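Chemist: could you work out the structure for the sequence below:
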Amino acid sequence: MNLEQIEQEALHLSQSERATLAQKLLLSLDSPSGEEVEHEWIREALNRAKELDEGIVQPVSAEEVRKKAQALLR
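Modeler: Sure, this is the predicted structure:
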């Protein structure tokens, strides 16, 4: 199916269906690619490692995080 066929099919949708499709298409343009997401996670991990190495932040154990999360849920 080519673009022209997709467009013709889309124009036969109801107004609310076209609005939903338009929203999904617009959101897909704003979404980062998998490669961009991976790059940002690597950048964040390197930044956090640097902060730990420089003593800017202190590590928190998984157990401590779990306890705090459970306390918040009570």
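Chemist: quick one: pLDDT of Val57?
Modeler: Predicted confidence (pLDDT) for Val57: 96.
Chemist: same deal with Ser33?
Modeler: Looking at Ser33, the pLDDT reads 87.
Chemist: count the residues that sit near Asn47.
Modeler: Asn47 has 10 neighbours, counted by other Cβ atoms under 10 Å. Glycine gets a C-beta too; all of them are placed from N, C-alpha and C.
Chemist: phi, psi of it?
Modeler: Phi and psi for Asn47, reported as degrees, to the nearest 10, are phi -60, psi -40.
Chemist: touching the strand or helix carrying Leu27 from outside, list them.
Modeler: Remark: Leu27 resides in helix 15-30, with elements defined by DSSP states H and E. Contacts to helix 15-30, defined as Cβ atoms under 8 Å, 6 or more residues apart in numbering, come from residues Ala10, Leu11, Leu13.
Chemist: quick one: mean pLDDT for that helix?
Modeler: 93.
Chemist: export that helix as CSV, just CAs?
Modeler: Output of helix 15-30 as CSV, limited to C-alpha atoms (Å, rounded to 0.1, in the frame of the first residue of the first chain):
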residue,chain,number,x,y,z
GLN,A,15,-13.9,12.5,12.3
SER,A,16,-13.0,11.0,15.7
GLU,A,17,-11.0,8.1,14.0
ARG,A,18,-9.1,10.7,11.9
ALA,A,19,-8.4,12.7,15.0
THR,A,20,-7.1,9.7,16.8
LEU,A,21,-4.9,8.7,13.8
ALA,A,22,-3.6,12.3,13.5
GLN,A,23,-2.7,12.4,17.1
LYS,A,24,-0.8,9.0,16.9
LEU,A,25,1.0,10.2,13.8
LEU,A,26,2.1,13.5,15.4
LEU,A,27,3.2,11.7,18.6
SER,A,28,5.3,9.3,16.5
LEU,A,29,7.2,12.3,15.1
ASP,A,30,8.1,13.5,18.6
